[in-house]
Each structure stands twice: as C-alpha cells, then as structure tokens.
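Asker: Structure, please.
(chains A and B)
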Amino acid sequence: KNQVEQSPQSLIILEGKNCTLQCNYTVSPFSNLRWYKQDTGRGPVSLTIMTFSENTKSNGRYTATLDADTKQSSLHITASQLSDSASYICVVRPTGGSTLGRLYFGRGTQLTVWP
Amino acid sequence: DGGITQSPKYLFRKEGQNVTLSCEQNLNHDAMYWYRQDPGQGLRLIYYSQIVNDFQKGDIAEGYSVSREKKESFPLTVTSAQKNPTAFYLCASSGTGGAPGELFFGEGSRLTVL
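Answerer: Now for the predicted structure:
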C-alpha cells in the first residue's frame, strides 16, 4: 500500500534554532517528492521538489534531502523564524499510468516557533 | 498577478442545503483539483479535471459534484448527500510547463454545517 508517513506530528522550537522534519514513503516507483508549507487557514505553497536522482535541494533556509534507497526524505530548517510556524507537508508523485490525479500526501508536521 | 481564487473564504450551511464553492484560476492551467482537508489528516482528493468538459472522481467523491465548462473555472457543489461536510476545502491547479506536477493552491474555503 502506497503511503507517506511524517514525523514528528508536531514540534515546538525556539526562534533561531534549527530543526529537521522527516518523511518516510512507500510509493514506488516515484516521479518526484515535494515539501509544501501551509500557514494556518491558507493554501499550501511548494518549498522544494526532488526527483529520485537528486539527494539535496535548498530554498533559502530550507534544505530537503532524499534517500531513494531507504525511501526517506527530510526537511531541515536553519535559524528558524516566527514565520516558519506552519504545517509542512510531504507529497509524493508516483510514476506510470495516469498519475494526474494520484498524489500521496503526508499528514504534515505542525511546527511552532516560539520567541 | 496570476493565481487561484477561491470563494467564499468562510461558509455556513444548514443541514440539507447544497452549497457551491467557487474556484477560478488565471494561470492558464489545464488541470484543476478539489481537495478536502480535515484536522490531523492528509489532503484527500475529491475530483479532478484534466481538460474542459471532463472530470474524474477522486477518493472521496460521494456527496460532491463538479463542472468544468470553462478552463478557468472548476466549481464544487457540496450536496446534502455528503454526511460530514464540515471541512477545509482546497482548490488547486497544475500546468504542463515549469516544474513538473507542481500544484498551485487557492487560499481555501472553510465550510461549517450548523
């Protein structure tokens, strides 16, 4: 069964600290893996995208890594800011067939940054 | 600026009433989607459309209906047959250019059934 599991479910850190969010997936084969940021009451916004051949991708203070062998991805946030408080969602797109309507979403990690 | 506009942002409905959520995009995207988001759960696909006048059921289509008469518009109707309609609804679109398969989301519509 194709699944995407994220951990931790929630996380509280102090402003300025670093943190790492985890995403484990069983979707195989897959086309790409994205991390989205969703502010409370808003729509998700894409942070990074990685194909199976990529190991790391950065977007400012956000760095995503991918280990296709172990089917794990992580999102590392450096020098956290209050505006980083949001839900971070891991999304995997499979390959093959008609994949237009088939994306696998994790449940998200709710990050809270305290001053 | 290009984007996706959902309306209304908040909507209250009495049981037994149908409601329609609007979704408009000016990104010239062919594909559009409707997702439902409940607390502690991942996004679940309700319906999607690849081209005008064509749409496909997603994982939780029961109690919902859509239309795609124009490329820019993909309204969702939540019917009285939907047993638990209170949720946050997200509309999204994707195109064939740029980063493959990236979804662009609207700001969402929160439906509450009283």
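
Asker: what are the bridge partners for the residue nearest in space to the middle of chain B, then?
Answerer: Chain B has B:Trp34 as the residue nearest its centroid, 2.9 Å off, counting by C-alpha atoms, centre = their mean. For B:Trp34, the beta-bridge partners are B:Tyr47, B:Cys91 (DSSP bridges).

Asker: Surely A:Val45 touches A:Trp35?
Answerer: No: using C-beta atoms under 8 Å, A:Val45 makes no contact with A:Trp35, being 10.1 Å away. The C-beta positions use only the backbone N, C-alpha and C, and glycine is treated the same way.

Asker: Pick out whichever of these two has more residues nearby.
Answerer: Counted by other C-beta atoms under 10 Å in any protein chain shown, A:Val45 and A:Trp35 do not tie: A:Trp35 has more neighbours, with 24 against 13.

Asker: who's in contact with the residue in chain B that chain A sits nearest to?
Answerer: Nearest residue of chain B to chain A, counting by C-beta to the nearest C-beta: B:Phe105, 3.2 Å away. Residues in contact with B:Phe105 (C-beta atoms under 8 Å, 6 or more residues apart in numbering or on different chains) are A:Gly43, A:Pro44, A:Val45, B:Ile4, B:Leu90, B:Cys91, B:Ala92.

Asker: how deep is the nearest residue to it once chain neighbours are set aside tucked in, by neighbour count?
Answerer: Computed as C-beta to C-beta, 6 or more residues apart in numbering or on different chains, the closest residue to B:Phe105 that is not its neighbour in sequence is A:Gly43, at 3.2 Å. A:Gly43 has 22 neighbours, counted by other C-beta under 10 Å.

Asker: Would you mind measuring from A:Gly43 to B:Cys23?
Answerer: Plainly put, A:Gly43 is 11 Å away from B:Cys23 if you go by C-beta to C-beta, to the nearest Å.

Asker: tell me, what's touching those two both at once?
Answerer: Common neighbours of A:Gly43 and B:Cys23 (C-beta under 8 Å, 6+ apart) are B:Ile4, B:Gln6, B:Gly106.
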